[in-house]
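Novice: Prediction below, plus the sequence it came from.
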Amino acid sequence: MNDALLNMLNSIVANATPLVIATMGELITERAGVINLSLNGSILLSALAGVAVSSVSGSAIVGILAAALMGACIALLLAFTSIRLRQDQVAVGFVLTLLCGDLARFLGKPFNNLPSPIIVPTLPVPILSELPVIGRVFFQHDVFVYFSGLLVFAVWWWLYRTRPGLTLRAIGERPEAAFSRGARVNILRYQYTALGGALVGVAGAAYSLGIKAGWSSSPTMDGDGWIALAIVIFAGWHPFRVVFGAYLLAAMRAVASGIQQSPDINIPPVLLNMLPWLLMLGTLILVSGGVVERIVKRMPTRLQDGARTLLRSTPPAAIGTRFDGD
Amino acid sequence: MPLPPIIRRLLFILLPVVIALGLTALCLLALQADPIQVAQTVWDGAFRDAGKLAGVLNFWIPLTLAAMGLIITFTAGLWNIGVEGQMMAGAIAASWSALYLPIPQPELRIAASVICGGLGGAGWALLVGSLKTRFGVNEIFGGVALNAIINTLAIYLISGPWQPPEGGSAQFTPPFPKEAWLPVMSPDFPVPLFTLMLTIIAAIGVILALRGTRFGLELRAAGKSPRSALLLGVPVTRAALIALALCGALAGIAGSQRVLHTYHSLRPLVSGGIGFYALLIVLLANFRALPVPFLTFVLAAIVASSTLLSVRLGLDQSLIGVFQGILVLVILMTAGLRQQRADAGKV
């Protein structure tokens, strides 16, 4: 394989990483029955926290922890207002996303366009990074990428192979049933919302200390929070499909920037910025409309059931609802 | 000693405002700005003379149009976050008309531009609507995506097709011919009468229509419980689409005002965040129509004085969004506390 292609694949993996981490966070939050709509603002504010704290403390790890803490605090505020104070999750999340975004833009002024003094370094994994192709694409990255990979498997294992994971799915699907079997629904929801928020915070740090190091006046990651929320839907709340969605989007962006640089293709470069959003709409239409059903009906009968589970996206039944049992 | 109910109700309305003002004052003190001086500056920047008041009204017009539109969609139970994009669609359509529709009669020409703006906004809103009703795409995601798409389209039009052949600025289209500008009441009070009247009519119209008409009732039913509304024979899909189209039309007119009066050209981010301000205003008003025009007036005064605030006290405009956000959050939280106390009282 030629070098340019390998570089492109490598950058796709790098660019998809913050999205993977953020969507994993949102996935466990939504699986617990809470919608954290504050993602876009949360990512911005945590990214800023990451840059600010790491440049003051001189340590990337402290910066990442600060970002995670920021994300967790925002998520807890959402959980408290929607669970304890019983306000509409969508409304609270929405206010928080605007508030955190504005706060980040305001507080970020002193850091505008300064390169981040601390950047998480690239750490090739010994042995694995020597592998042909795979080593180059997957194992020559910063820690965020490896973390995201481990995270996906951890979330999958937790959700589908452990008892607490079963309870997690239950409180998002049928909280009453889970409650009657001894699950403390609202306390668990607080915990998973905070954990999910912390991951969103780490995603913010993955932008500001990783791929797009530093802070600019109009942050480059603005908008990705919404895309992450859409990927969770597209992925039908399943960790592996989430990864697929995030990589698909990053690949699309890489192709778009490739087209921009090539001299033979004559598409105005600005218009290519629409591609991720068109892709987002397209995938949402695909999974949420009757489109899947129509495709499945055309398939041979033997494949239909499998195809349906593979393509369809059904939200956790109790998502966004309140539970007043405990 | 239990307080009389009226005083208690008043307390609960005033409490969040006091808390938010207190938090704001604390933030200002942390930024080493004197809150009293800030209030003084807002007053100076917004009301000192006719020109300043005109600045307030020029922001009040698009903000109120967008917020009244959102009242309609919220009543129908829709989170029309796409309102920003609908403003931009209106701005683009109005700009197209101003640049390329040389109608000789000035009155007709301006009316055509504003109508184009309204149609553009309504069309873009119907796109969100049909994504929802035909394809099951939630209006929040449809709206966010369409916002980004229309903003990109605007940048494309500005950077290429709508530039004069001899080349121009990449920041905005060439200024519209003077005949396409919205006429103002007087040079000392540069407020376009046409859109001001439209805004007042729209505000009163929305308030009355939601209260006393069958359409308002249908919208409310569809918003409260789409399923039971459908069973009662309310055409839910149609209600949602009409609500979106109306909101889009108002937002489109708001966008037209921005290009035909404020800038006299099309530029990126022409809305200046008005759509998001409007969303927060509607949340602040707890989805009720009547307080909206007054709240938008207060916000417009603060925004209009933001230049003076930044010159005199070095405060940045993004602070306005921060304070508005804090205010809405505090109000949501006190509303929650209040419900909790009420529930506790029942047991």
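Specialist: Alright, I've got the coordinates.

Novice: contacts, neighbours, all on C-alpha from now
Specialist: Fine.

Novice: Show the contacting residues for B:A154.
Specialist: Taking Cα atoms under 8 Å, 6 or more residues apart in numbering or on different chains, we find B:A154 in contact with B:88, B:92, B:267-268.

Novice: Just after the helix or strand containing it, pick out the following helix or strand.
Specialist: Taking DSSP states H and E as the definition, B:A154 sits inside helix B:139-159. Per DSSP H and E, the first helix or strand lying C-terminal to helix B:139-159 is strand B:184-186.

Novice: how deep is the residue of the stretch 51-200 of chain B found nearest chain A tucked in, by neighbour count?
Specialist: Among the residues of the stretch 51-200 of chain B, B:F135 lies nearest to chain A; the distance is 4.6 Å by Cα to the nearest Cα. Residues contacting B:F135 under the criterion other Cα atoms under 10 Å in any protein chain shown number 18.

Novice: Can you report phi and psi for it?
Specialist: Backbone torsions for B:F135, taken as degrees, to the nearest 10, come to phi -110, psi 0.

Novice: I'd like to know which elements whichever strand or helix holds B:T307 is packed against.
Specialist: B:T307 is part of helix B:306-313, with elements assigned from DSSP H and E. Packing partners of helix B:306-313 (3 or more Cα pairs under 8 Å, 6 or more residues apart in numbering or on different chains; DSSP states H and E): helix B:35-47.

Novice: Extract the CA atoms of the helix it packs on and return them as CSV.
Specialist: What follows is helix B:35-47, C-alpha atoms only, in CSV (Å, rounded to 0.1, in the frame of the first residue of the first chain):
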residue,chain,number,x,y,z
PRO,B,35,-22.2,46.0,38.5
ILE,B,36,-23.8,49.5,39.1
GLN,B,37,-21.5,50.9,36.4
VAL,B,38,-22.6,48.1,34.1
ALA,B,39,-26.3,48.9,34.7
GLN,B,40,-25.5,52.6,34.0
THR,B,41,-23.7,51.7,30.8
VAL,B,42,-26.6,49.5,29.6
TRP,B,43,-28.9,52.5,30.2
ASP,B,44,-26.6,54.9,28.4
GLY,B,45,-26.0,52.5,25.6
ALA,B,46,-29.7,51.8,25.0
PHE,B,47,-31.8,54.8,25.8
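
Novice: Please list the residues of chain B that sit near chain A.
Specialist: Proximity of chain B to chain A, by Cα under 8 Å from any Cα of the partner chain, involves residues B:131, B:134-137, B:141-142, B:144-146, B:148-149, B:152-153, B:155-156, B:276, B:280, B:283, B:316, B:318-319, B:321-322, B:325-326, B:328-329, B:332-333, B:336-337, B:339-340.

Novice: from those residues, which would you call buried?
Specialist: Among the residues of chain B next to chain A, those buried by neighbour count (16 or more other Cα atoms under 10 Å in any protein chain shown) are B:131, B:135-137, B:141-142, B:144-146, B:148-149, B:152-153, B:155-156, B:276, B:280, B:283, B:318-319, B:321-322, B:325-326, B:328-329, B:332-333, B:336-337.

Novice: where's the helix or strand bottoming out on mean pLDDT in chain A relative to the chain centroid, distance-wise?
Specialist: Within chain A, no helix or strand scores below helix A:301-311, which has a mean of 73 by mean pLDDT, DSSP states H and E. Centroid displacement of helix A:301-311 relative to its chain, using Cα atoms, centre = their mean, to the nearest Å, is 27 Å.
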